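J.: need a structure here:
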Amino acid sequence: MRVLVHDHSGHPFQAELSRELARRGHDVTHSYVEGYVSGKGKLEALPGETITFEGIGGSKQIDNQRMLQRLVRETLRGFELVRHVRRVGPDVAMMSNVQIPTLVIFAFFMAVLRRPWVLWHQDVYAVAVRSFAGSKLPKRFAVVAWAFEVAERWCSRRAAAIVVIAPSFVPVHEAWGTADKVTVIPNWAPLEEIRPTERKNDWATEHGLDDVQTLVYSGTLGLKHNPALLVRLAKATIDAGRPVRLVVVNSGPAVEVLREEAARLGVEVTLLPFQPYDRLPEVLGTGDLLVVLLEQEAGAFSVPSKTLSYLCAGRPVLGLMPAENLASALVERAGGKVLPPADASLPEAGRWIANVLADDELRVELGEASRDLAEQEFALERLASRFEHLLGSTARR
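T.: Sure, this is the predicted structure:
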């Protein structure tokens, strides 16, 4: 079976799935948008691998703050993605994290070409935009949310099959009349690529973090997050009697917000851009405790994948996130702490962190529980088999 997996972001677990499908004898091309800035996975074929990795869209870094330019760019990328599909000639294609204008163009031409494709639905953009319209976005974005819903529903109806990452997505597809196509397969993180490391590792030493206790956040910071909350969390931990260094690995507008809030509160913070993927285990291993953020409005339409990487890294996890989110249940099963993403939660969160940082035995126990849970939930063979069956049946249809 010839398969094209396109993941706009280039994230690690999608690349791991493609590798496993190639190991099973399928002809797999895995593509991504080269200029999109995020924590990317291992996107080069290793010696002996038969998989093809291909970046599209050029290597120039993308500025998502200019909305008109972004709309034009994402529309043009839809045509590029169609050309890409025609050149690869897959029996079935699977699309992940594709932006709405790109997806509409892609879905239209796939219908014209009569080629089957699978929507790997990572975010319900319509729900996301509607949730933030009037708060983090101007009220007029309610119209954008309506347009996105029309577009997402239309694209979903033209997909041959749909994979959603949480049961909370199913009611959306029931309302759209596409629930009969839906399969729920939760996201995961690569167990073999993200392994626990020594706390005093080379990366920690290079950045002067080997002899100070740290809170680490590594990942994107956008509408779904309140970056200033990270700084205030560190301050709450210090106020609870435990000195700590906040380390944030991120590239984008949130960096300046973090810097200003740290200066205002007098909190020491280490701000670093996204790191090479092969160093991610050391980055996460540098954290004595790892932090997840997710705004209350995002609880139903997003599952923060960084949570899954944190569990693989074998560290205690604190989530400032909605309790109903799928990732919250994983954090609590690993013995971590989940609290609402609000300032009112910070005193309790700071006390919990201070307690964990002061107790070496507890910290090790929580870290081992995180890794154990990851090994239970993220077994690649089982997950890849579900995708292989889905893609095969879609290609045959």
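J.: how close does residue 351 sit to residue 377?
T.: According to C-beta to C-beta, to the nearest Å, residue 351 and residue 377 sit 29 Å apart. For every residue, glycine as well, the C-beta is placed using N, CA and C.
J.: tell me which residue is most central in the protein.
T.: Geometric centre of the chain, nearest residue: residue 305, 3.8 Å, by C-alpha atoms, centre = their mean.
J.: verify the stated contact: it with residue 7.
T.: No. Between residue 305 and residue 7 there is no contact under C-beta atoms under 8 Å: 11.4 Å.
J.: which stretches of this protein form strands?
T.: In the chain, the strands defined using DSSP state E lie at 2-7, 27-33, 52-56, 92-96, 117-121, 161-164, 182-184, 214-218, 245-249, 269-272, 289-293, 317-320, 337-339.
J.: and the last one, what does it pack against?
T.: Where contact means 3 or more C-beta pairs under 8 Å, 6 or more residues apart in numbering; DSSP states H and E, strand 337-339 is packed against strand 317-320, helix 326-333, helix 346-358.
J.: would you list those in JSON lines and tack on distance to residue 172?
T.: Formatted as JSON lines, the helices and strands packed on strand 337-339 follow (distance: least, C-beta to C-beta, whole Å):
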{"stretch": "strand 317-320", "distance to residue 172": "23"}
{"stretch": "helix 326-333", "distance to residue 172": "15"}
{"stretch": "helix 346-358", "distance to residue 172": "31"}
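J.: give me whichever of these is most buried.
T.: Comparing the helices and strands packed on strand 337-339 by mean neighbour count (mean count of other C-beta atoms under 10 Å), strand 317-320 comes out on top with a mean of 26.
J.: please state the offset of that one from the chain centre?
T.: A distance of 15 Å separates the centroid of the chain from that of strand 317-320, by C-alpha atoms, centre = their mean, to the nearest Å.
J.: export only the CA atoms of it, formatted as CSV.
T.: The C-alpha coordinates for strand 317-320 follow below in CSV (Å, rounded to 0.1, in the frame of the first residue of the first chain):
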residue,chain,number,x,y,z
VAL,A,317,3.7,16.7,35.9
LEU,A,318,1.6,19.6,37.0
GLY,A,319,-1.3,20.6,34.7
LEU,A,320,-3.0,24.0,34.9
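J.: what's it packed up against?
T.: Under the contact criterion of 3+ C-beta pairs under 8 Å, 6+ apart, strand 317-320 touches helix 228-239, strand 289-293, helix 306-313, helix 326-333, strand 337-339, helix 346-358.
J.: of these, which is nearest residue 149?
T.: Smallest distance to residue 149 across these (C-beta to C-beta): 22.0 Å, for helix 326-333.
J.: quick one: that closest one to helix 306-313, angle?
T.: Relative orientation of helix 326-333 versus helix 306-313 (axes from the mean of the first three to the mean of the last three C-alpha atoms, to 10 degrees): 30 degrees.
J.: hmm, back to that, of the helices and strands packed on strand 317-320, which is nearest residue 119?
T.: For the helices and strands packed on strand 317-320, the distance to residue 119 is smallest for helix 326-333, at 18.7 Å, taking C-beta to C-beta.
J.: contacts for the closest one, please.
T.: Helix 326-333 has contacts (C-beta atoms under 8 Å, 6 or more residues apart in numbering) with 165-168, 186, 292, 294, 303-304, 307-308, 311, 317-319, 321-322, 337-338, 373, 377.
J.: out of those, which are buried?
T.: The neighbour-count test (16 or more other C-beta atoms under 10 Å) applied to these identifies 165-166, 168, 186, 292, 294, 303-304, 307-308, 311, 317-319, 321-322, 337-338, 373, 377 as buried.
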